[in-house]
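Novice: here you go, sequence then predicted model.
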Amino acid sequence: AAGYPVVIEKGYTLPETGWYGHYLTVYGYDDALQEFYSKDTYLGPFDGNGRVDSYDVYREQWQAFNYTFYVVYRPEQEAEVMDILGPELTDDFTMWQQAAARAEKDTKADPNNPFAWFNLGTALTRMGAITGDHDYYQGGAQAFDRAREIGLPPRMLWYQFEAYLAYWRTERLQDVLDLADATLATQGGRNVEETYLYKGHALSELGRLTEARAAYEEALKVNSNFYPAQIALDWVNSLLNGG
């Protein structure tokens, strides 16, 4: 309504290749018609015209990514955008509280929806990261357990990594390794540096420092600018060198 385009992340299933995540730009909507208007570089159309999809279609596909979005604006417009969004979306903890409440509502509406449980796990884990409260990590791990029990797309952890964090912080290191290895069994998963990072963290916690070093090195091969892996690698090297 204010003229700012919004980029969202959503999932959809393609007949030939299965489920993927994808970004697209939403530039308009119509509440009366219950429609969004977007530019989708994967689905098209590719003739300069926008794509039209119903609110219901968006809601279902967008849920897989916890309703993630970002607003496109110039630096001088930031104050206006922050005012439009309000504290519920600009304060990190409050934002994740709202996300957790929505996800919990979704789990009650459909207890067998794996994305709803995954979203709850993500929100609780992010709240744990902000506060350091172990109970949030524990709740996040339990929500991820339920999502996995119901069944998630094999590519889910190409895009979202909070499950690793929740299991790591609750000392469920074998779960971290199992998830990482399952992701690395796919070609696309081997191109995700965070997979190697969390595998390295679990290995280092288990005292398998040489293997942890190899995992961090693989992360840096994927992305040489991935500084969390560089910091972890330096730390492991210092231990291996008697530092």
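Specialist: Noted; the coordinates are in hand.
Novice: stretch 96-109: how far from the chain's middle?
Specialist: 16 Å (C-alpha atoms, centre = their mean, to the nearest Å).
Novice: stretch 189-209 too?
Specialist: 17 Å.
Novice: pull out the buried positions in that stretch.
Specialist: 189, 192-204, 208-209 (16 or more other C-beta atoms under 10 Å). C-beta: built from backbone N, CA, C; applies to glycine.
Novice: how about the strands of the protein, start to end?
Specialist: Ranges of strands within the chain are 6-14, 18-30, 35-39, 51-54, 69-71, based on DSSP state E.
Novice: related to what we said a few turns ago, among the buried residues of stretch 189-209, pick out the one closest to Ile84, please.
Specialist: Glu194 (31.2 Å; C-beta to C-beta).
Novice: identify the residues contacting the closest one.
Specialist: By C-beta atoms under 8 Å, 6 or more residues apart in numbering, Glu194 lies in contact with 161, 164, 219.
Novice: which one of the residues you listed is nearest to Val72?
Specialist: For the contacts of Glu194, the minimum distance to Val72 (C-beta to C-beta) is 24.3 Å, reached by Phe161.
Novice: next, count neighbours for the closest one.
Specialist: Counted with other C-beta atoms under 10 Å, residues neighbouring Phe161 total 18.
Novice: for the residue positioned nearest the centre of the chain, give me its contacts.
Specialist: Most central in the chain under C-alpha atoms, centre = their mean is Gln160, positioned 2.7 Å from the mean C-alpha point. Shown in contact with Gln160 (C-beta under 8 Å, 6+ apart): 65-66, 118, 122.
Novice: okay, domains of this protein per the record?
Specialist: 6-85, 86-150, 153-243 (automatic domain parsing).
Novice: how long is the second one end to end?
Specialist: Here the two ends of domain 86-150 are set 35 Å apart, with distance taken as C-alpha to C-alpha, to the nearest Å.
Novice: sketch out the low-pLDDT regions of the chain for me.
Specialist: For the chain, applying pLDDT under 70 flags the ranges 1, 243.
Novice: okay, helices next: where are they in it?
Specialist: 55-63, 78-85, 87-90, 92-109, 114-131, 134-150, 162-169, 173-184, 193-205, 209-222, 227-240 (DSSP state H).
Novice: need the contact partners of the third one.
Specialist: By C-beta under 8 Å, 6+ apart, the surrounding residues in contact with helix 87-90 are 82, 94-95, 98.
Novice: out of those, who's the most crowded?
Specialist: Met95 (18 neighbours).
Novice: so who does it touch?
Specialist: Per C-beta under 8 Å, 6+ apart, neighbours of Met95: 88-89.
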